[in-house]
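1. Output the structure for:
(one chain, ligands or ions: 2)
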Amino acid sequence: MTAFNAAPYDVVGIGFGPSNLALAIALQEQGAARGHHYRALFLDKQQDYRWHGNTLVNQSELQISFLKDLVTLRNPTSPYSFVNYLREEGRLVDFINLGTFYPCRMEFNDYLRWVAERFASQAAYGHTVTAVEPVAGANGIDTLRVHSVDAQGREQQQLTRSVVLSTGGTPRIPQQFAHLRGDARVFHHAQYLERMAQQPCTRHEPMRIAVVGGGQSAAEAFIDLNDSYPSVQVDMILRAAVLKPADDSPFVNDIFSPAYTDLVFNEPDSEREQLIAEFQNTNYSVVDLGLIERIYGIFYRQKVARQARHGFLCRRHIERGEASAEGIELTLRDTATGDIHRQRYDLVILATGYERTSHRQLLAPLLESLGDLSVGRDYRVQAAPQLKAAVYLQGFSQASHGLSDTLLSVLPARAEEIATSLFEYWQAGARQPQALARQTA
Ligand SMILES: Cc1cc2nc3c(=O)[nH]c(=O)nc-3n(C[C@H](O)[C@H](O)[C@H](O)COP(=O)(O)OP(=O)(O)OC[C@H]3O[C@@H](n4cnc5c(N)ncnc54)[C@H](O)[C@@H]3O)c2cc1C
Ligand SMILES: NC(=O)c1ccc[n+]([C@@H]2O[C@H](COP(=O)([O-])OP(=O)(O)OC[C@H]3O[C@@H](n4cnc5c(N)ncnc54)[C@H](OP(=O)(O)O)[C@@H]3O)[C@@H](O)[C@H]2O)c1
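-> Numbering: from 1, shown residues only. Ligands and ions are numbered 1, 2, ... in the order given. As a prediction, this is how the structure comes out:
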């Protein structure tokens, strides 16, 4: 259990997902090398360490090489590598025998938890941060007050000289479903496992389920529903004409290298936008090819058996979602023919992706000093002269730093860059960021 400090921390990390976990390691490494003692606290709203815990279905695999763990790209000799985790867990030989670069996500979650346990003294779970506020000092705002609410609903406050905000994505709820937020029959894929555990199909009762979306989450939900619940009929409902494969070919994968961040950041705005748009199909609205082939196989076998259990409803725009006692009725328009079709479902799963907006809400009290949240190359938000305390963002700078920003790809390098910037800031005392700034996503 972490004891809170009355004196200001040197840094408070908001969220303790992979980004801030990588930062905790980089700070420890640099602190030891520089002989600099610092006080860090990481707050996470979850009760314990989980990496997208409600999406960890059996078949889900890491979409990146395990060598892109929290440290290896920067320091392959670090004790926090995935390989060292395997060795300590007694599975190194077995993992080698598997012959894969892509462990299941349950195992990578276990690795991340294993690292998080080693930083337990710096972590406080069950703390939802609600706002970061300026605290005025003699020479300007050199301290920040981080407000949070604990699991018992008690408000807490921590003072700090700097904040690293790494709160990840927020489930995107399409506006057609906004009015159904309180309805237990409609939920986002981010809640998949806990919500499915409550459904009648766990007792083998028939259910008709809609999965909305055509990305990796939708594909994984479809496969899990097909494999785990023989009594369900699933309709995949997507706007696109087909499921498209994620491009993870070797030349394209170069865009996820740490060196590529410099190239993207230094491009003029219009070129950078074009670069990011050109490679959207590495990450968004795309599915791992092997999974597409499995799904195609399931629909093909239905045709052979002349038993249409599941539906593949592509080119469909959802006009409306309406709740009644009998279920959720979706009004679907075929975008090719204009035909309208209504269908009732027992459950609607929204695999509709994520938005990156929580930084704006949490930093709202600071926006007067932080302006449009432009970040420097070192991920520090450029601030007006009165704000001396440092604010950094991880995972909100895709528009300036490239497509790797929301992924695991550059975590070791980014963590090192932020740690270096923080130590320089602490050593120099409060000062303004010098780096050229760019606007965030
Ligand atoms: C299902 C899924 C699978 C993915 N798989 C891969 C993959 O295989 N490879 C890859 O490169 N990327 C993958 N990604 C992308 C993902 O963004 C990164 O893997 C990684 O999780 C980013 O780490 P993060 O710490 O920035 O954000 P997150 O992992 O989202 O962590 C954010 C943390 O902040 C906490 N938090 C949020 N708000 C608050 C608050 N107000 N107060 C306190 N705590 C808060 C959350 O509880 C969470 O622990 C996946 C994403 C999803 C949704
Ligand atoms: N195994 C894994 O590692 C794993 C598993 C799951 C997710 N992930 C990662 O998580 C990230 C997000 O993936 P994701 O699949 O959740 O999201 P995504 O790739 O952003 O896909 C979202 C899907 O929802 C659709 N959509 C969005 N708004 C909609 C609306 N209003 N109406 C209808 N459809 C709508 C999109 O359609 P359009 O295409 O028409 O916009 C798209 O098909 C990616 O980085 C992915 O790789 C990884």
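2. Could you check which residue of the stretch 1-150 of the chain lies nearest ligand 2?
-> Of all residues in the stretch 1-150 of the chain, residue 63 sits closest to ligand 2, at 3.8 Å by Cβ to the nearest ligand atom. Heads up, the C-betas are built off the backbone N, CA and C, glycines and all.
3. Tell me how many other residues surround that residue.
-> Close neighbours of residue 63, defined as other Cβ atoms under 10 Å, add up to 15.
4. gap between it and residue 262?
-> Residue 63 is 24 Å from residue 262, where distance means Cβ to Cβ, to the nearest Å.
5. thought the residue of the stretch 1-150 of the chain closest to ligand 2 was touching residue 287?
-> No. Counting by Cβ atoms under 8 Å, residue 63 stays clear of residue 287, with 10.2 Å between them.
6. what is in contact with the two at once?
-> 216, 246 (Cβ atoms under 8 Å, 6 or more residues apart in numbering).
7. Around ligand 1, which positions in the stretch 1-150 of the chain sit nearby?
-> Contact residues, the stretch 1-150 of the chain versus ligand 1 (Cβ under 6 Å from any ligand atom): 14-20, 43-46, 51-52, 55, 62-64, 128-129.
8. Determine how far stretch 245-263 lies from the middle of the whole chain.
-> Put simply, stretch 245-263 sits 19 Å off its chain's centre (Cα atoms, centre = their mean, to the nearest Å).
9. anything in it near ligand 1?
-> No. Under the criterion of Cβ under 6 Å from any ligand atom, stretch 245-263 makes no contact with ligand 1; the nearest approach is 8.1 Å.
10. buried ones in that stretch?
-> Of all the residues in stretch 245-263, those buried under the rule 16 or more other Cβ atoms under 10 Å are 246, 247, 255, 256, 258, 260, 261.
11. So what does the last one have for phi and psi?
-> In this case it means residue 261. phi -60, psi -40 (degrees, to the nearest 10).
12. Tell me the pLDDT of it.
-> Looking at residue 261, its pLDDT is 97.
13. what helix or strand is the residue of the stretch 51-200 of the chain found nearest ligand 1 on?
-> Closest to ligand 1 within the stretch 51-200 of the chain is residue 168: 2.1 Å, counting by Cβ to the nearest ligand atom. If you go by DSSP states H and E, residue 168 is not part of any helix or strand.
14. so it makes contact with residue 15?
-> Yes. Between residue 168 and residue 15 there is a contact under Cβ under 8 Å: 6.2 Å.
15. if you count what's nearby, which of these two comes out ahead?
-> Taking neighbours as other Cβ under 10 Å, residue 168 and residue 15 compare with residue 15 leading, 23 against 18.
16. So for the more buried one, what's the pLDDT?
-> For residue 15, pLDDT reads 98.
17. Which residues are in contact with it?
-> Shown in contact with residue 15 (Cβ under 8 Å, 6+ apart): 42, 43, 44, 45, 129, 165, 166, 167, 168.
18. same thing but 6 Å
-> Counting by Cβ atoms under 6 Å, 6 or more residues apart in numbering, residue 15 makes contact with 44, 166, 167.
19. Save these as CSV, and put in pLDDT and neighbour count too.
-> Below are the contacts of residue 15 laid out as CSV (pLDDT from 0 to 100; neighbours: other Cβ atoms under 10 Å):
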residue, pLDDT, neighbour count
44, 98, 26
166, 98, 28
167, 98, 26
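20. just those residues now: which is nearest residue 173?
-> Nearest to residue 173 among these is residue 167, at 17.3 Å by Cβ to Cβ.
21. quick one: contacts for residue 55?
-> Applying Cβ under 6 Å, 6+ apart to residue 55 gives the contacts residue 192.
22. Test for you: state the pLDDT assigned to it.
-> pLDDT for residue 55: 98.
23. Now do the helices in the stretch 51-200 of the chain.
-> Secondary structure of the stretch 51-200 of the chain (DSSP state H, counting those that start in this stretch): helices at 82-89, 92-98, 105-117, 192-196.
24. May I see the buried residues of the last one?
-> Going back to what we said before, that points to helix 192-196. Using 16+ other Cβ under 10 Å as the test for burial, helix 192-196 gives 192, 195, 196.
25. Residue 128 against residue 46, yeah?
-> No. Between residue 128 and residue 46 there is no contact under Cβ atoms under 6 Å: 9.3 Å.
26. In space, what's closest to the residue nearest the centre of the chain - neighbours in sequence excluded?
-> Closest to where the C-alpha atoms of the chain average out (Cα atoms, centre = their mean) is residue 168, at 4.4 Å. Nearest residue to residue 168 in three dimensions, chain neighbours excluded: residue 17, at 5.5 Å (Cβ to Cβ, 6 or more residues apart in numbering).
27. and the nearest residue to residue 83 once chain neighbours are set aside, how far is that from residue 128?
-> Leaving aside its sequence neighbours, residue 83 sits nearest to residue 92 (Cβ to Cβ, 6+ apart; 6.9 Å). Distance from residue 92 to residue 128, counting by Cβ to Cβ: 37 Å.
28. Ligand 2 contacts on the protein?
-> Residues of the chain lying near ligand 2 by Cβ under 6 Å from any ligand atom: 55, 60-63, 105, 172, 174, 212-218, 220, 238-240, 283-285, 318, 351-354.
29. Okay, and the beta partners of residue 237?
-> Residue 237 forms beta bridges with residue 212, residue 313, as assigned by DSSP bridges.
30. Now do the same contact list for it.
-> Taking Cβ under 6 Å, 6+ apart, we find residue 237 in contact with 210, 212, 313, 316.
31. Quick check: residue 24 vs residue 417, distance?
-> Note on residue 24: its distance to residue 417, by Cβ to Cβ, is 15 Å.
32. I misspoke; the intended subject was residue 314.
-> Relative to residue 417, residue 314 is positioned 42 Å away (Cβ to Cβ).
33. Settle it for me: which of the two has more neighbours?
-> For the pair residue 314 and residue 417, the greater number of neighbours falls to residue 417 (20 against 16), based on other Cβ under 10 Å.
34. before we move on, back to that, in CSV: the helices of the stretch 51-200 of the chain, plus mean pLDDT.
-> Converted to CSV, the helices of the stretch 51-200 of the chain look like this (pLDDT from 0 to 100):
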stretch, mean pLDDT
helix 82-89, 98
helix 92-98, 98
helix 105-117, 98
helix 192-196, 98
